[in-house]
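1. I'll drop the sequence and a predicted model, then ask my questions.
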Amino acid sequence: TPGTITTPGTTTTTTGTSPGTTSSPGTTGGTTTSPNPAPGQVFVTNSAGSGKARLFEFIAALTDQPVPGSRARAVHSSGGAAGGVVSESQGYGLLLSGALLAALPRNDPDREKLMDYTYEMFLGWRRMCELSKDSGSCQEDEGFQCGGGQFPCLPHWKFDDDLKNVIGSGAAPDGDADALAGMLFAVLSLERAESTSPWLEEVGEWAYDTCKQFYLSSTVSSSSGAHRIVKLGSCWGGWGSQGQNPSYHAPGVYRMCRDYMKSHDAKFGTSGSEGDDFASDWDRLIDTSYKMFDATQCESSGLIPNWAKVYEDGQSLRAETGFSGSGTPGAEYGAEASRAVWRVALDYLLFPGEAGEAVAFLDPVAANLETRESGGNWDESLRVDGNCLVESIHPGWSSNMFMAGPTFTSLVCPSNSVDSGRQQE
């Protein structure tokens, strides 16, 4: 169950799998892929120390409570297109606190403290949504789903450090999905522990409504209706020349939303069958995400590009380069692309019995890493196949943690291509 861990120049690739299906482990829409290792098997390390200690460092270094009279906690950002409070940074804060709350033993002395931090992160997120209601959210057509229909559930992507003013309009699905995961981790863990909290109902309803808003406002169907793909945000992106960012896709979070809506529709939905009605839609979205990965990923190196254009081609998807954004090269495996690895790894960790496609995606990434390390030292570059979409690797990939960390998460899933002793090493 969720929460339990036991640019110019064009290159094209194509994938062919049947639409609208959720495959059993070891298959991708009927096409044989790498077999799923024993469900729940993972590689772990304690080299990074306590996750709780790292979270408290994160909170001390990067967050504050800038709104007078409010407990709302903001996660500040810098570098690249960031600066101020962006939905990606706030989403990370909510994801980290919610996930740590789910993993924390019930008798941990810091449990109440972590519950407070999680709620404060949520209040920061909620304030961003409330500040996004006036214009430019691109969620009016589907209707605002949060706060009884008063607010869009997907906030603008950028605010000032005081959480008072909008700087960049339109929602971004990477931060939205991460925040969603954090809310769901927190709610499900408290429900499982039969814990009482004054904010459980509030966050539980906001999470349900956000799942619905995400599907309605940040995904779009193909012309045939056989596929549904995540956009670049509520206001832009989608199919073909509109552009795609493969790292925005978070199939594990979509499975969490599918299951959460099914189990909580009687409580939070417009009807007791709303979650069941959405289930096949979520499955189509998951299936399309993995078809997109198949079309963009290099089979020999496991790498995907920062940006791409993705087209429906009958029952298949095909991808090409020639699109970019946020100042990152489209045909590079860089700061954008590497995030897809941990988002797929999360799918394997949460849903090992369903995530055969996740194993197939992560396996060649681990195999690439295995050839790049010797005696504790990493090569300057990962292996690049000139016949694929990725043409270059971001410099310093192994020392820049925004790339190294996500890329190394491929190693949590047992690889069919790397000896287990070597993989643990």
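-> Received, thanks. Since we're looking at a predicted model, the values are computed, not measured.
2. poorly predicted segments of this protein, please.
-> Low-confidence segments of the chain (pLDDT under 70): 1-40.
3. report the central residue of it.
-> Nearest residue to the geometric centre of the chain (C-alpha atoms, centre = their mean): residue 250, 3.7 Å.
4. how about that residue, phi and psi?
-> Dihedral pair for residue 250: phi -130, psi 70, per degrees, to the nearest 10.
5. residue 378 too?
-> Backbone torsions of residue 378, given as degrees, to the nearest 10, read phi -110, psi 140.
6. burial count for it?
-> Residues lying near residue 378 (other C-beta atoms under 10 Å) number 14. Backbone N, C-alpha and C define where each C-beta goes, glycine included.
7. list the contacts of it.
-> 372, 398 (C-beta atoms under 8 Å, 6 or more residues apart in numbering).
8. partner residues bridging it?
-> Assessed by DSSP bridges, residue 378 has beta-bridge partners residue 373.
9. neighbours of the nearest residue to residue 167 once chain neighbours are set aside, how many?
-> Leaving out its chain neighbours, the residue that sits closest to residue 167 by C-beta to C-beta, 6 or more residues apart in numbering is residue 158, at 4.4 Å. Counted with other C-beta under 10 Å, residues neighbouring residue 158 total 23.
10. kindly report the same for residue 221.
-> Residues lying near residue 221 (other C-beta under 10 Å) number 17.
11. distance of the closest residue to residue 339 other than its chain neighbours relative to residue 354?
-> Spatial nearest neighbour of residue 339, excluding adjacent residues (C-beta to C-beta, 6+ apart): residue 247 at 4.0 Å. Applying C-beta to C-beta, to the nearest Å, the value for residue 247 to residue 354 is 21 Å.
12. before we move on, what about residue 330?
-> Distance, residue 330 to residue 354, using C-beta to C-beta: 31 Å.
13. settle it for me: which of the two has more neighbours?
-> It is residue 330, of residue 330 and residue 354, that has more neighbours when counted by other C-beta under 10 Å, with 26 against 21.
14. quick check: closest non-adjacent residue to the more buried one.
-> Nearest residue to residue 330 in three dimensions, chain neighbours excluded: residue 324, at 3.6 Å (C-beta to C-beta, 6+ apart).
15. so the one you found sits against residue 306, correct?
-> Yes - taking contacts as C-beta atoms under 8 Å, residue 324 lies within contact range of residue 306: 6.8 Å.
16. ok, residue 387 - how many residues close by?
-> Applying other C-beta under 10 Å, we find 11 residues neighbouring residue 387.
17. ok, now the one 10 residues further on?
-> Neighbours of residue 397 under the rule other C-beta under 10 Å: 21.
18. what helix or strand is it on?
-> Under DSSP states H and E, no helix or strand contains residue 397.
19. could you pull out the helices for the stretch 251-400 of the chain?
-> Using DSSP state H, counting those that start in this stretch, the helices of the stretch 251-400 of the chain run over residues 251-268, 274-296, 339-350, 356-370.
20. could you do the stretch 101-250 of the chain as well?
-> 111-130, 173-192, 200-218.
21. would you mark the buried spots in the shortest one?
-> What that stands for is helix 200-218. For helix 200-218, a neighbour-count test (16 or more other C-beta atoms under 10 Å) marks 200, 203-218 as buried.
22. packing partners of that helix?
-> Packed against helix 200-218 by the contact rule (3 or more C-beta pairs under 8 Å, 6 or more residues apart in numbering; DSSP states H and E) you find helix 111-130, helix 173-192, helix 251-268, helix 274-296.
23. can you report how many residues lie near the closest residue in space to residue 293 that isn't next to it in sequence?
-> Once flanking residues are discounted, residue 293 sits nearest to residue 361: 5.5 Å by C-beta to C-beta, 6+ apart. Look at residue 361: counted by other C-beta under 10 Å, it has 28 neighbours.
24. then residue 333?
-> Residue 333: 32 surrounding residues under other C-beta under 10 Å.
25. now residue 256
-> 28.
26. thought it was touching residue 184?
-> Yes - counting by C-beta under 8 Å, residue 256 touches residue 184, with 4.9 Å between them.
27. the host helix or strand of residue 100 vs helix 111-130, what angle?
-> Per DSSP H and E: residue 100 is located in helix 87-103. Counting by axes from the mean of the first three to the mean of the last three C-alpha atoms, to 10 degrees, helix 87-103 lies at 150 degrees to helix 111-130.
28. helix 87-103 packs against which elements?
-> helix 51-62, strand 74-75, helix 111-130, helix 173-192.
29. could I get those as CSV with distance to residue 143 and mean neighbour count?
-> Shown next, in CSV, are these (distance: least, C-beta to C-beta, whole Å; neighbours: other C-beta atoms under 10 Å):
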stretch, distance to residue 143, mean neighbour count
helix 51-62, 34, 14
strand 74-75, 28, 26
helix 111-130, 14, 22
helix 173-192, 17, 26
